[in-house]
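Student: can you look at this prediction? I've put the sequence above it.
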Amino acid sequence: MLLDKLKPIISRYEEISSKLADSASLSDVKLLTELSKEQSSIEEITQKAKQYISTLDSITHSKALLDDKELGELAKEELKSLEATKAKLEDEIKILLIPKDPNGNKNVFLEIRAGTGGDEAGIFVGDLFKAYCRYADLRKWKVEIISSSENSVGGYKEIIALIKGEGVYSRLKYEGGTHRVQRVPETESQGRIHTSAVTIAIMPEVDDVEVSINPNDLKIDVFRSGGHGGQSVNTTDSAVRITHIPTGISVSMQDEKSQHKNKDKALKILKARIYEMELENKAKAEGANRKEQVGSGDRSERIRTYNYPQNRLTDHRINLTLYSLEEIMLSGNLDSIIDPLITHAQSEAMSASE
């Protein structure tokens with residue numbers, strides 16, 4: 001019963017309030033911080049729970065008045081409104097009861113790579129990155145390019161960026177996978193539609209506590225940078241490749257002129273990739289019980305198609321089709337895709353809990 005789940009939450013909130021009012025708690029900064037954080041995390045559901053209990057009490061009171069000659073009709077009308085409020089609160093509370101993703105508020109590394117399709121795939125990497133940057137602007141997030149490898153026609157073989165802000169991972173975590181584009185390339189003289197693909201990985205930024213790496217497990221190579229950056233980039237062995245021997249995961253970084261900075265960036269991405277691998281392994285182990293998952297996040301899974309001739313965007317995981325592709329890409333307003341994905345995930349999680 002829903003009330004059985006809500007009463008302990010209300011009790012805990014009130015218990016924390018009492019502790020915070022206790023002068024002994026005020027002298028313990030660590031305890032004060034922990035209690036304040038916990039109270040903040042359950043404040044919304046506590047308020048909704050109190051509204052729900054108050055609504056149930058009002059329903060009971062109105063039902064008792066239904067046979068009253070003078071107040072019966074008024075109570076009947078009031079009951080309709082109260083039942084609607086009760087249903088609305090139940091839906092909101094069920095969503096709030098879904099366990100929070102521990103990574104939800106983390107910053108993310110966005111990694112976009114060109115797949116099949118040659119130069120056109122590289123151009124689409126750039127188009128997608130611009131769309132995510134526009135979306136970040138709408139959300140007041142900050143985007144920092146960590147590494148990029150350009151191709152010969154103005155696109156990218158790969159681009160990695162760190163996106164910082166409130167709730168970044170919770171909004172972007174379903175973007176990982178294969179994104180397919182269908183359109184006529186600018187270089188196509190015959191007007192033929194070309195199909196190409198890019199892969200996206202969304203990796204939460206992690207700290208040393210969450211991913212501890214034994215230095216003895218790392219193989220670090222330094223070499224001379226190549227490609228863009230000017231002559232000065234190539235005069236020293238500033239580029240770095242770090243390989244994590246137990247997993248075989250390797251990261252190369254050469255965007256900075258400083259070997260130290262390249263090593264620091266490479267380590268951050270390496271930790272994120274190791275953490276991402278651990279999340280994927282955990283998801284596979286949980287299997288069908290992981291009901292809140294929308295798709296696997298596996299880069300090999302085709303999750304979305306961008307069809308420019310038909311101005312159509314399709315997300316294959318939830319059978320969502322929108323005929324506003326160009327507007328979405330130009331404005332960066334990805335909420336029209338992301339909101340339905342989140343709603344679907346919440347629905348799956350609610351069904352699982354029930």
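Tutor: Perfect, thanks for sending it.
Student: after the lowest-mean-pLDDT helix or strand in the chain comes which helix or strand?
Tutor: Counting by mean pLDDT, DSSP states H and E, the chain has its least confident helix or strand at helix 23-26, which shows a mean of 72. Toward the C-terminal end, the helix or strand that comes next after helix 23-26 (DSSP states H and E) is helix 29-64.
Student: ok so, going back, and the least confident helix or strand of the chain, how far out from the chain middle?
Tutor: Put simply, helix 23-26 sits 37 Å off its chain's centre (Cα atoms, centre = their mean, to the nearest Å).
Student: list of residues touching that helix?
Tutor: 19, 31-32, 35 (Cβ atoms under 8 Å, 6 or more residues apart in numbering). Backbone N, C-alpha and C define where each C-beta goes, glycine included.
Student: which positions in the helix or strand encompassing residue 278 come out as buried?
Tutor: Secondary structure assignment for residue 278, by DSSP H and E: helix 259-286. Of all the residues in helix 259-286, those buried under the rule 16 or more other Cβ atoms under 10 Å are 259, 262-263, 265-276.
Student: also stretch 340-354?
Tutor: 340-342, 344-345, 348-350.
Student: just the closest of those to residue 124, please.
Tutor: Proximity of the buried residues of stretch 340-354 to residue 124 (Cβ to Cβ) peaks at residue 341, which lies at 20.6 Å.
Student: roughly how far does that closest one sit from residue 169?
Tutor: In this view, residue 341 and residue 169 are 14 Å apart by Cβ to Cβ, to the nearest Å.
Student: quick one: contacts for residue 243?
Tutor: Contacts of residue 243 (Cβ under 8 Å, 6+ apart): 218-221, 249-250.
Student: let's have the residues you listed in JSON lines, adding secondary structure.
Tutor: Below are the contacts of residue 243 laid out as JSON lines (DSSP: H, G, I helix; E, B strand; the rest coil):
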{"residue": "218", "secondary structure": "strand"}
{"residue": "219", "secondary structure": "strand"}
{"residue": "220", "secondary structure": "strand"}
{"residue": "221", "secondary structure": "strand"}
{"residue": "249", "secondary structure": "strand"}
{"residue": "250", "secondary structure": "strand"}
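Student: just the buried members of the contacts of helix 23-26?
Tutor: residue 35.
Student: farthest pair in the contacts of helix 23-26?
Tutor: For these, the farthest-apart pair by Cβ to Cβ is 19 and 32; their separation is 9.1 Å.
Student: just say helix, strand or coil for the residue located most distally from the centre of the chain.
Tutor: For the chain, the residue at maximal distance from the C-alpha centroid (Cα atoms, centre = their mean) is residue 69, at 56.1 Å. Classification of residue 69 by three-state DSSP places it in coil.
Student: buried residues in the longest strand along the chain?
Tutor: Counting residues, the longest strand in the chain under DSSP state E turns out to be strand 194-204. If you call a residue buried by 16+ other Cβ under 10 Å, then strand 194-204 has these buried ones: 194, 196-204.
Student: can you tell me how far residue 208 is from residue 257?
Tutor: Taken as Cβ to Cβ, the span from residue 208 to residue 257 is 26 Å.
Student: compare those two (neighbour count), which wins?
Tutor: Taking other Cβ atoms under 10 Å, residue 208 and residue 257 do not tie; residue 257 has more neighbours (15 against 9).
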